[in-house]
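Student: this one's sequence-less:
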Ligand SMILES: NC(=O)c1ccc[n+]([C@@H]2O[C@H](COP(=O)([O-])OP(=O)(O)OC[C@H]3O[C@@H](n4cnc5c(N)ncnc54)[C@H](O)[C@@H]3O)[C@@H](O)[C@H]2O)c1
Ligand SMILES: O=c1ccn([C@@H]2O[C@H](COP(=O)(O)OP(=O)(O)O[C@H]3O[C@H](CO)[C@H](O)[C@H](O)[C@H]3O)[C@@H](O)[C@H]2O)c(=O)[nH]1
């Protein structure tokens, strides 16, 4: 029984690959390397380079590797880009997911784990957000992912596979053993940007919006450490393979930090000061989003081990050192 991991050469997918390999499981990665890196993968893992919408390639990969499960990470992920290029996002995240699920159904995949997002909730009136809250995405990225959730639910009902949809909140940090981390040179994620500023790899950073209805005026987010998230996938897969029911689960810790608080933590942990510009709001950003995390703990027995913002920032800084040592910046 092998797991097909799409987007496995990316930031989060590569941590899932490590979690599976550490647990002694067989994995094959399908990735077009558009934003991923083959050097993030452990040597024992096969990388098939190609597109998730290439039905022949996907069917052949599933057949040749004897895959029973699919973990679908491949996507475009930047909220403001999705506002600028909605049709590109619907193609990458919705149309291609439809094609992939069709091939998976035809090829006999039994279990699907799907990377969804807190962006499906949009601008919730209260936080933390339970999974039962009505979805109401406010940007094309969130809409593109919500449509995929619906397709997976409908296809599972019609074709008899089981699924876990995981709605990630803000993913951060790196593998504690230094094997992977956020490696995109022009990444837009807050903790990556702030650590690059701390290390002098950027001249300054911007805080996008200080007039939000939050305690300090900057946006609130729930930062989940990437190996804790990978572990959630591993236990979700175990649940499905044991015959467990399909589920939709938030992945977060249930506590929000503001952008300004995160910047302070990066300054404190790195011991470096850097220029922070208070800039206008970025399009598509909700003011605050924090996970209700009771359901994943109850349903999967998931126990996070890295719920500590300082530790997450330290891992992100350590990974930047690794990138420099490996000449990857
Ligand atoms: N990073 C976050 O904070 C966050 C939050 C919520 C949800 N997610 C979701 O998690 C998933 C992974 O995100 P990430 O942060 O690791 O991004 P990433 O860009 O590092 O990884 C995406 C991977 O998918 C590959 N890919 C993209 N399109 C492909 C295609 N058509 N065919 C084959 N491979 C393709 C890329 O090369 C890359 O390796 C995405 O589905 C994203 O929507 C991420
Ligand atoms: O240089 C920066 C980068 C970000 N931010 C702010 O920091 C917060 C977090 O921004 P990120 O870009 O790190 O993350 P997002 O909240 O926009 O989105 C992330 O989390 C979402 C779920 O909450 C989605 O799933 C998405 O894929 C993922 O990128 C936002 O308020 C953003 O405006 C800054 O102020 N300056």
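Tutor: Okay, I see it. Given the structure is predicted, the values throughout are model-derived calculations rather than measurements. Numbering: from 1, shown residues only. Ligands and ions are numbered 1, 2, ... in the order given.

Student: where does residue 290 land on pLDDT?
Tutor: At residue 290, the pLDDT value in this model is 98.

Student: Spell out which parts of the stretch 51-200 of the chain neighbour ligand 1.
Tutor: Contact residues, the stretch 51-200 of the chain versus ligand 1 (C-beta under 6 Å from any ligand atom): 51-52, 73-75, 77, 92, 96, 115, 117, 168, 170-171. C-beta coordinates here come from the backbone N, C-alpha and C atoms, glycine included.

Student: Could you rerun that using 8 Å?
Tutor: For the stretch 51-200 of the chain, the residues in contact with ligand 1 (C-beta under 8 Å from any ligand atom) are 51-53, 72-77, 92-93, 96, 115-119, 141, 145, 167-172, 182-184, 189.

Student: who are the neighbours of the helix or strand hosting residue 153, in terms of helices and strands?
Tutor: Counting by DSSP states H and E, the element that carries residue 153 is helix 140-159. Packing partners of helix 140-159 (3 or more C-beta pairs under 8 Å, 6 or more residues apart in numbering; DSSP states H and E): helix 79-84, helix 86-89, helix 96-106, strand 111-117, strand 162-168.

Student: Now restrict the residues of the stretch 51-200 of the chain next to ligand 1 to buried residues only.
Tutor: Buried residues within those, counting neighbours by 16 or more other C-beta atoms under 10 Å: 51-53, 72-77, 92-93, 96, 115-119, 141, 145, 167-172, 182-183, 189.

Student: Go back to these and keep what's next to ligand 2.
Tutor: When contact is defined as C-beta under 8 Å from any ligand atom, those meet ligand 2 at 77, 117, 118, 119, 141, 145, 168, 169, 170, 171, 172, 189.

Student: contacting residues for the last one?
Tutor: With contact set as C-beta atoms under 8 Å, 6 or more residues apart in numbering, residue 189 has these partners: 170, 171, 172, 182.

Student: Could you tell me the model confidence score at the second one?
Tutor: Read that as residue 171. Residue 171 carries a pLDDT score of 98 in this model.

Student: returning to what we had before: give me the subset of the contacts of residue 189 that lies in strands.
Tutor: Secondary structure defined by DSSP state E assigns 170, 171, 172 of these to strands.

Student: Out of the residues you listed, the closest to ligand 1 would be?
Tutor: Within those, proximity to ligand 1 (C-beta to the nearest ligand atom) peaks at residue 171, which comes in at 3.7 Å.

Student: which residues touch that closest one?
Tutor: 11, 12, 189, 223, 224, 225, 226, 229.

Student: What of residue 249?
Tutor: Neighbouring residues of residue 249 by C-beta under 8 Å, 6+ apart: 131, 164, 165, 166, 167, 232, 236, 295, 296, 299, 300.

Student: Now do the SS call for residue 248.
Tutor: Classification of residue 248 using DSSP: H, G, I helix; E, B strand; the rest coil returns strand.

Student: Ignore what I typed, I meant residue 178.
Tutor: Recorded secondary structure, residue 178: coil (three-state DSSP).

Student: separation between residue 297 and residue 32?
Tutor: According to C-beta to C-beta, to the nearest Å, residue 297 and residue 32 sit 35 Å apart.

Student: more crowded one of these two?
Tutor: The residue with more neighbours, out of residue 297 and residue 32, is residue 32; 17 against 14, by other C-beta atoms under 10 Å.

Student: my guess is the more buried one contacts residue 50, does it?
Tutor: Yes: counting by C-beta atoms under 8 Å, residue 32 touches residue 50, with 6.1 Å between them.

Student: Quickly note the distance from residue 202 to residue 329.
Tutor: For residue 202, the distance to residue 329 (C-beta to C-beta) stands at 11 Å.

Student: With residue 240 instead?
Tutor: Residue 240 sits 38 Å away from residue 329 when distances are taken as C-beta to C-beta.

Student: ok, these two, which is more surrounded?
Tutor: Of the pair residue 240 and residue 329, residue 240 is the one with more neighbours under other C-beta under 10 Å, namely 22 against 13.
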